[in-house]
Every structure is written in C-alpha cells, then in structure tokens.
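Enquirer: Got a predicted structure here, sequence first:
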Amino acid sequence: MKTRNIIRKGYSALIMLFVATSIVIAQSSDGIDQATTEVRSYVDPISNLIIALGAVIGLIGGIRVYIKWQSGDQDTQKALMGWFGACLFLILVGVVIGAFFG
C-alpha cells in the first residue's frame, strides 16, 4: 500500500515536472521569436548604413589617392590598394549582413 502511494507521488511529481518544463520552453520560444523579429528589423538600416559608409570611404580614398598622384608621390599604388580594400570590405560586410540576417 505504501509503495503504491510512493509510486503515485513519483508519477505526479514527474508529470508536474514535465508540465512545468513545457511551459518554460514555450515561454523561452516566444522570447526567441520576439528577439528574432527585432534583430531582423535592424538588419536593413544597418546594412544600408555600412554600405553608405563604404561609399563615403571610397570617395575620400579616391580623393586622397588623386592628390598623391598629382603631387608625384611614388607609393600611389599602395595607397590605392589600401583605400580600395577598405571600401570593398565595408561594402561586402553590408551585403553579407543583409544576406545572413535578412
């Protein structure tokens, strides 16, 4: 008789644990869904901002390389590759962020 009561209490505790776990998982699932929608709402503006920043850096780099070229500096190719690499990196980061999260 006592073992049946112990088994019933064990089953009851197991069922309550299962119900509590499922409630917690459902709540965390809602939080994850909400966080996902918030992150997706920020992706497009941030991606566009990074691409615009890359364009501005490209313009500044172009002007600086032109000034070096006009002044007869010998390392214009090195400066050109540095500025072009920075511009290309920022544009690619903007596109990859948009593709990854969008």
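Expert: Yep, that arrived.
Enquirer: Gly94: how many residues sit nearby?
Expert: 20 (other CB atoms under 10 Å). To be clear about C-beta, it is placed using only N, CA and C from the backbone, and glycine gets the same treatment.
Enquirer: mind listing what it touches?
Expert: Ser47, Asn48, Leu49, Ile50, Ile51, Gly54 (CB atoms under 8 Å, 6 or more residues apart in numbering).
Enquirer: which ones among those are found in helices?
Expert: Members of the contacts of Gly94 lying in helices (criterion: DSSP state H): Ser47, Asn48, Leu49, Ile50, Ile51, Gly54.
Enquirer: And the helices in this structure?
Expert: 2-71, 76-101.
Enquirer: what is the mean pLDDT for the last one?
Expert: Taken as a whole, helix 76-101 has a mean pLDDT of 86.
Enquirer: Begin at 690 from now on, thanks
Expert: In the new count, where the first residue is 690, that last one comes out as helix 765-790.
Enquirer: Give me the buried positions along that helix.
Expert: Buried residues in helix 765-790, counted by 16 or more other CB atoms under 10 Å: Thr765, Ala768, Leu769, Trp772, Cys776, Leu779, Ile780, Gly783, Ile786, Gly787.
Enquirer: now for the helix or strand bottoming out on mean pLDDT in the chain, which elements pack on it?
Expert: Using mean pLDDT, DSSP states H and E, helix 691-760 stands out as the lowest-scoring helix or strand of the chain, at a mean of 80. Judged by 3 or more CB pairs under 8 Å, 6 or more residues apart in numbering; DSSP states H and E, helix 691-760 is in contact with helix 765-790.
Enquirer: got the angle for the helix it packs on vs helix 691-760?
Expert: For helix 765-790 against helix 691-760, the angle by axes from the mean of the first three to the mean of the last three CA atoms, to 10 degrees is 150 degrees.
Enquirer: distance between helix 765-790 and the chain's centre?
Expert: Remark: helix 765-790 is offset 17 Å from the chain centroid, using CA atoms, centre = their mean, to the nearest Å.
Enquirer: try stretch 728-746
Expert: So, by CA atoms, centre = their mean, the centroid of stretch 728-746 is 12 Å from its chain's centroid.
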